[in-house]
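**Q** Pasting the sequence and the predicted coordinates here, then a few questions.
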Amino acid sequence: MKAFTFVTLLFFSFVTVAEIAKQQQFDRLIEEISSGERYFFKPEDFRQTLAELENALPQNDAERANILDRQRCLLAYFDNPAAGIAFSKTKLNQAQSANDFPAQYDYHTCRYYLYNMLGENELALKSANLAHSAAEYSEDPLSIALSETELGNISSYQGNYADALNHYLSAYPRLQQLGYKPYISDLVLSIASAYRRMGLYDKAITYIDEAEKEFNAPEERFRLAMIMHEKAFSYAERGEPEQALALFNQSIDVYNELAVPEWIAYTNVNLVWIYNLLGQFDNALAVAAEAESVLNHGNPSNMANLQTYQALLALYKGEALLADKQVNAALESLALADKLLSEQAVPRYMLQLHLHYADALAQAGQYSLAYTKLGQYVELNNRQQANAREQQANLLRLQFDFTRQQEKNDQLAAEKLAAEQYISTLQLAQRWQYVAIIAIVLMLFILVSFAVSLKKRNRKLHRLAMTDELTGIANRRRIMMLAEQERVKATETSSPICLLIIDLDHFKKINDNHGHDAGDIVLQQVCLTISSVLRQQDHFGRTGGEEFLIILPNTDINQAQPIAERVRRSVAAINLSLIQLNLQVSCSIGLTQAKPKELLNASISRADKALYQAKANGRNQVVEG
C-alpha cells in the first residue's frame with residue numbers, strides 16, 4: 001500500500017513538473033510574438049508558430065486557451081481571411097460580453113489584417129479604430145502603441161501626414177519604455193516614410209539610417225530588405241534613381257534567399273518605375289512582364305498589397321509603353337491603372353496617372369479626352385498643394401505642441417528635483433536637531449524653544465512650498481496634487497469631476513506695454529476675482545505664468561459649463577481703473593469632464609486642446625473638450 005502511494009505521488013509530481021514546463025514554454029512563445037522577435041513573412045512561419053503554441057498549451061488551462069484563440073485568429077487564416085473574419089466575430093462577441101478589452105484589441109487587430117488581405121479598405125480602417133479604442137480601455141501600453149502606429153501608417157498612406165506623425169509621437173515613448181527593438185525600428189521606419197511622402201527626403205533618410213543600424217543579424221534579413229525598400233523610395237524621389245536601383249536589386253537578393261516570390265514581384269514593380277526614371281524603357285517592359293506573370297497568377301497572402309501593386313504595375317507599364325511609342329497598348333494599360341487606382345484613391349499615384357494618361361490620349365489624337373485628363377491633373381494637383389500647405393501647418397502646430405509639452409515635462413522634472421532637495425534638506429536638519437537635543441541635555445529649555453521656533457519655520461516653509469508667492473493661491477505642485485487626490489476619490493465613488501484650464505488672453509502685451517509690475521497686479525486681481533466666484537469645494541491653482549487650473553469635484557459637464565462661464569464673465573468684468581491701469585482683461589477656458597478611470601494627464605491634455613481651440617476661435621470663450 002505504501003509503495004502504491006509513493007508511486008502515485010511520484011506520478012503526479014512528474015505530471016505537475018511537465019505542466020509547469022509547458023506553461024513556461026507557452027508563455028515564452030507568446031512573449032516572442034508580443035515583443036516582435038518572431039518574424040512572419042512566409043506561410044510556413046504562421047503554421048509553425050501556431051503548431052508550437054498548440055503543442056505547448058497546458059491541459060485545462062482556460063486562460064492560456066483564450067490567449068491561444070486570440071493568436072489563432074492572426075496565425076491560422078492567412079490563406080482564408082473570410083473564415084478568419086467569421087471566427088473572430090464569434091470570439092469578439094464573447095470578449096465584449098466579458099468586458100475583456102485585451103481580447104477585444106487582439107480580435108479587432110486580427111480583423112484589420114484580414115480585411116486588409118481581402119482589400120476591404122473601409123472595414124479594415126473601422127477595425128483599426130476599434131482596436132485602438134479597445135487598447136485604450138485595456139490601458140496596456142504595448143497595445144496602445146501598436147494601435148497608434150497602425151493608425152499612423154493608415155494616415156500616412158492616405159496623405160494625412162501631420163495626423164500620422166501625431167500617432168507616431170504618441171506611440172514612440174511607450175515603445176521606448178517597453179524596450180522592444182523591432183517595434184521601435186519599425187516605427188522609426190514609418191516616421192521616415194511619412195517624411196519621405198511629404199518631400200522631406202534628407203530627414204527621411206536620416207531616420208532610415210537609424211533603423212538600419214538595428215538589423216544586421218541573419219534572422220533579420222527580411223526587415224532589412226524592407227528598410228532598403230524605403231531608402232530606395234527616398235533616393236528615387238530625391239532624383240537619384242541609380243542608388244535606388246542598387247538598393248532594390250539588393251532587396252531582391254534577400255527575397256530570393258528567403259523564397260518569397262510575391263515580394264520579388266512587388267520589388268520588380270518598383271524596378272519598372274526606376275527604369276522609367278532612368279529612361280531604360282526596354283528594361284522596364286521586360287521586368288514588367290516578369291512581375292505581371294506572378295501578380296496575375298500567384299496566390300498572395302495580402303489582397304490589398306496585390307491590388308496596389310497591380311495598379312502601380314499598370315501605371316508604370318503604361319508609361320514605358322508610351323515612351324516606346326506603343327500608344328494603344330499604353331492606353332489599355334493606363335485605363336486598367338485608372339480603374340484600380342480610383343478604387344484606392346491615393347492622390348500621389350493619381351497625379352502620375354492623369355499626366356501620363358493625358359499624354360497618351362493626346363498622342364492617340366483624342367484631344368478632348370486628353371484635355372479632360374489634364375484638367376483632372378490640374379484640379380488634383382491644386383488640391384494636393386493646398387493639402388500639403390495644410391499638412392505643413394498642422395506639422396508646425398504638432399511640433400509646437402510637442403515642444404511645449406517637453407518644456408512642461410522639463411519644468412515638472414525641475415520642480416520635482418527641487419522638492420526632493422528641499423525634503424532632503426529638512427530631513428538632514430531634523431537629524432542634526434535630534435543629535436543636538438541628545439548631546440545638550442542641560443540646555444533643555446533653549447532646545448525646546450529652538451524646536452518650537454523651527455517647527456513654526458518648517459510649517460511656514462511648507463506653506464510657501466505649496467503656495468504661489470505672487471497670487472497666494474495653490475502653486476503648480478499643490479494644485480496637481482489636489483487634482484490627483486480628487487481624481488482618485490472620483491474613481492472610487494464613481495462621481496463626476498471636471499477640469500478647467502484658464503489662460504489670460506494677450507497677457508504678454510500687458511507686460512510689454514505696461515511693465516511686469518502691472519502684469520503682477522493683473523494676475524493678483526484675476527486670482528482674487530476667480531476665487532470669489534468659485535464654490536467652497538472647488539480647487540484653484542496657478543500652473544504657469546498666466547495659466548491656471550480649476551478642479552470641480554462631484555461636478556459633471558452640464559454643471560461645470562455655467563461655472564466656467566461665470567469665471568470667464570467675472571474676469572472680463574474686472575475694472576482696473578482704480579489702480580490706474582487702462583486695459584481690458586479677458587481669458588480663454590478649456591473645459592473637460594474626466595472619463596472613468598482616466599489618468600490625470602489624459603484629462604488635462606483634452607482640456608488643454610480645448611483651450612487651444614478657444615484661442616484659435618478668437619479667445620474670451622469657453623470650449624469643451
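**A** Perfect, thanks for sending it. Owing to the predicted nature of the structure, the values given are computational and were not obtained by experimental measurement.
**Q** my guess is residue 271 contacts residue 245, does it?
**A** Yes. Assessed by C-beta atoms under 8 Å, residue 271 is found in contact with residue 245 at 7.2 Å. Bear in mind the C-beta positions are built from the backbone N, C-alpha and C, glycine included.
**Q** who's more crowded, these two?
**A** residue 271 (24 against 21; other C-beta atoms under 10 Å).
**Q** For that one, give me its contacts.
**A** Residue 271 is in contact with 245, 248-249, 284, 287, counting by C-beta atoms under 8 Å, 6 or more residues apart in numbering.
**Q** mind running it again at 7 Å?
**A** By C-beta atoms under 7 Å, 6 or more residues apart in numbering, the contact set of residue 271 is 248, 287.
**Q** Could you check how far the strand or helix carrying it is from the centre of its chain?
**A** Element membership for residue 271, per DSSP states H and E: helix 261-278. Put simply, helix 261-278 sits 31 Å off its chain's centre (C-alpha atoms, centre = their mean, to the nearest Å).
**Q** Put the alpha carbons of that helix into PDB.
**A** Presented in PDB, the C-alpha positions along helix 261-278 are these (Å, rounded to 0.1, in the frame of the first residue of the first chain):
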ATOM      1  CA  PRO A 261       8.100  35.200 -54.700                       C
ATOM      2  CA  GLU A 262       5.400  37.800 -54.100                       C
ATOM      3  CA  TRP A 263       7.900  40.300 -52.600                       C
ATOM      4  CA  ILE A 264      10.100  39.700 -55.600                       C
ATOM      5  CA  ALA A 265       7.200  40.600 -57.800                       C
ATOM      6  CA  TYR A 266       6.400  43.700 -55.700                       C
ATOM      7  CA  THR A 267      10.000  44.800 -56.000                       C
ATOM      8  CA  ASN A 268      10.000  44.200 -59.800                       C
ATOM      9  CA  VAL A 269       7.100  46.700 -60.000                       C
ATOM     10  CA  ASN A 270       9.200  49.300 -58.300                       C
ATOM     11  CA  LEU A 271      12.100  48.400 -60.700                       C
ATOM     12  CA  VAL A 272       9.800  49.200 -63.600                       C
ATOM     13  CA  TRP A 273       9.300  52.700 -62.100                       C
ATOM     14  CA  ILE A 274      13.100  53.100 -61.600                       C
ATOM     15  CA  TYR A 275      13.900  52.000 -65.200                       C
ATOM     16  CA  ASN A 276      11.400  54.600 -66.400                       C
ATOM     17  CA  LEU A 277      13.100  57.300 -64.400                       C
ATOM     18  CA  LEU A 278      16.400  56.200 -66.000                       C
END
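**Q** Pull out the buried positions in it.
**A** Buried residues in helix 261-278, counted by 16 or more other C-beta atoms under 10 Å: 262-277.
**Q** again with stretch 127-145
**A** 127-128, 130-132, 134-138, 140, 142-145.
**Q** quick one: low-confidence parts of the stretch 201-350 of the chain?
**A** 214-219, 298-304, 344-345 (pLDDT under 70).
**Q** Can you show me the helices along it?
**A** With DSSP state H, counting those that start in this stretch as the criterion, the stretch 201-350 of the chain has helices at 201-212, 221-237, 241-258, 261-278, 281-297, 303-323, 327-344, 347-363.
**Q** try the stretch 51-200 of the chain
**A** In the stretch 51-200 of the chain, the segments counted as helices under DSSP H, counting those that start in this stretch are 62-75, 81-97, 101-118, 121-138, 141-158, 161-178, 181-197.
**Q** To residue 521, which of the ones you listed lies closest?
**A** Nearest to residue 521, of all the helices of the stretch 51-200 of the chain, is helix 161-178, at 39.4 Å by C-beta to C-beta.
**Q** Now do the closest one against helix 181-197, angle only.
**A** 160 degrees (axes from the mean of the first three to the mean of the last three C-alpha atoms, to 10 degrees).
**Q** Need the helices of the stretch 201-350 of the chain in TSV (columns: distance to residue 619).
**A** Below are the helices of the stretch 201-350 of the chain laid out as TSV (distance: least, C-beta to C-beta, whole Å):
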stretch	distance to residue 619
helix 201-212	34
helix 221-237	42
helix 241-258	49
helix 261-278	50
helix 281-297	56
helix 303-323	45
helix 327-344	42
helix 347-363	35
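**Q** of all the ones you listed, which lies closest to residue 499?
**A** It's helix 201-212; of these, that one is closest to residue 499 (C-beta to C-beta) at 36.0 Å.
**Q** Taking helix 181-197 as reference, get the angle to the closest one.
**A** 170 degrees.
**Q** Show residues contacting helix 201-212.
**A** 185, 188-189, 191-192, 195-196, 227, 230-231, 234, 237-238.
**Q** do that again at 6 Å, thanks
**A** The contact list for helix 201-212, computed with C-beta atoms under 6 Å, 6 or more residues apart in numbering, reads 185, 188-189, 191-192, 195-196, 227, 230-231, 234, 238.
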